[in-house]
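Visitor: Give me the fold of what follows.
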Amino acid sequence: MLRHAVFFSFKESSSPEQIDAVAKAFEQLPSKIDSIVDFDWGVNNSPEGLDDGFTHCFLLSFADEAGRAEYLPHPAHKEFGDTLRPHMKDVFVIDYWGVADEDADADRKDGDETELKHAVFFKFKDDASKEDVAKIEQAFAELPNKIDSITDFEWGTNNSPEKHDDGFTHCFMVTFADEAGREEYLPHPDHKAFVEILMPVLDKARVLDFTTK
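Guide: Residues are numbered from 1 along each chain as shown. Okay, the predicted model is just below:
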């Protein structure tokens, strides 16, 4: 699946009702654009303070790049942009290839269950070598085998054509059943050990969490 992760911050002059109207307009796009094969969204609830002011999180999935190519210029998407633009302060977009867990998605949606998405983005230092970056990729990918509260995990490198990535190159999408899972993960010794090897090569991290609606 091609994941299209979109995050908005809004102007202080926009009311909660106006912001809610924007979110609802985005929520309607899957019913208007056939190439959207999965859609989740929520409001940032990360306790880490690394959100850079972004508050609303949307995760769209396409079967392939052709699906994204249909979506971006679609009249319904452009109409949504007209609704968004008067209220948007900033936008952050990262696209990456993820592995679809169709059984898990079906179980969640059939049961009307929610889950907590922990979206982590990295910008590496200019002098970080390919070997250093590969070491971080591998170390992060090993965490689901070490921390039981991680229920799903995928990662990829940015391939968005929209130029709203702010220089971030890597996305890691970690899923928990609930906030208790995140509370187990953040102070976990294996997570802390990962952070120790990450910090010497990291320029900046951005983190947004949202409970799917």
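Visitor: wait, is Ala66 part of a helix?
Guide: Yes: under DSSP: H, G, I helix; E, B strand; the rest coil, Ala66 falls within a helix.
Visitor: Could I get the contacting residues of it?
Guide: Contacts for Ala66 (Cβ atoms under 8 Å, 6 or more residues apart in numbering) come out as Ser35. Backbone N, C-alpha and C define where each C-beta goes, glycine included.
Visitor: sec struct for the nearest residue to Asn45 once chain neighbours are set aside, please.
Guide: Leaving aside its chain neighbours, Asn45 sits nearest to Asp209 (5.3 Å; criterion: Cβ to Cβ, 6 or more residues apart in numbering). Classification of Asp209 using three-state DSSP returns strand.
Visitor: Can you show me the strands along this structure?
Guide: In the chain, the strands defined using DSSP state E lie at 2-10, 38-43, 56-62, 88-97, 116-124, 150-157, 170-176, 202-211.
Visitor: could you dump these to JSON lines with distance to Phe26, mean pLDDT and mean neighbour count?
Guide: JSON lines is the format used below for the strands of the chain (distance: least, Cβ to Cβ, whole Å; pLDDT from 0 to 100; neighbours: other Cβ atoms under 10 Å):
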{"stretch": "strand 2-10", "distance to Phe26": "8", "mean pLDDT": "98", "mean neighbour count": "22"}
{"stretch": "strand 38-43", "distance to Phe26": "7", "mean pLDDT": "96", "mean neighbour count": "18"}
{"stretch": "strand 56-62", "distance to Phe26": "6", "mean pLDDT": "98", "mean neighbour count": "22"}
{"stretch": "strand 88-97", "distance to Phe26": "11", "mean pLDDT": "98", "mean neighbour count": "18"}
{"stretch": "strand 116-124", "distance to Phe26": "16", "mean pLDDT": "98", "mean neighbour count": "21"}
{"stretch": "strand 150-157", "distance to Phe26": "22", "mean pLDDT": "96", "mean neighbour count": "18"}
{"stretch": "strand 170-176", "distance to Phe26": "19", "mean pLDDT": "97", "mean neighbour count": "22"}
{"stretch": "strand 202-211", "distance to Phe26": "13", "mean pLDDT": "98", "mean neighbour count": "19"}
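Visitor: how many other residues sit next to Ala25?
Guide: 16 (other Cβ atoms under 10 Å).
Visitor: Tell me if I'm right that it and Arg85 touch.
Guide: No: using Cβ atoms under 8 Å, Ala25 makes no contact with Arg85, being 11.5 Å away.
Visitor: How much space separates Phe210 from Leu59?
Guide: According to Cβ to Cβ, to the nearest Å, Phe210 and Leu59 sit 8 Å apart.
Visitor: Leu116 and Met88: what is the separation?
Guide: Relative to Met88, and taking Cβ to Cβ, Leu116 is found at 25 Å.
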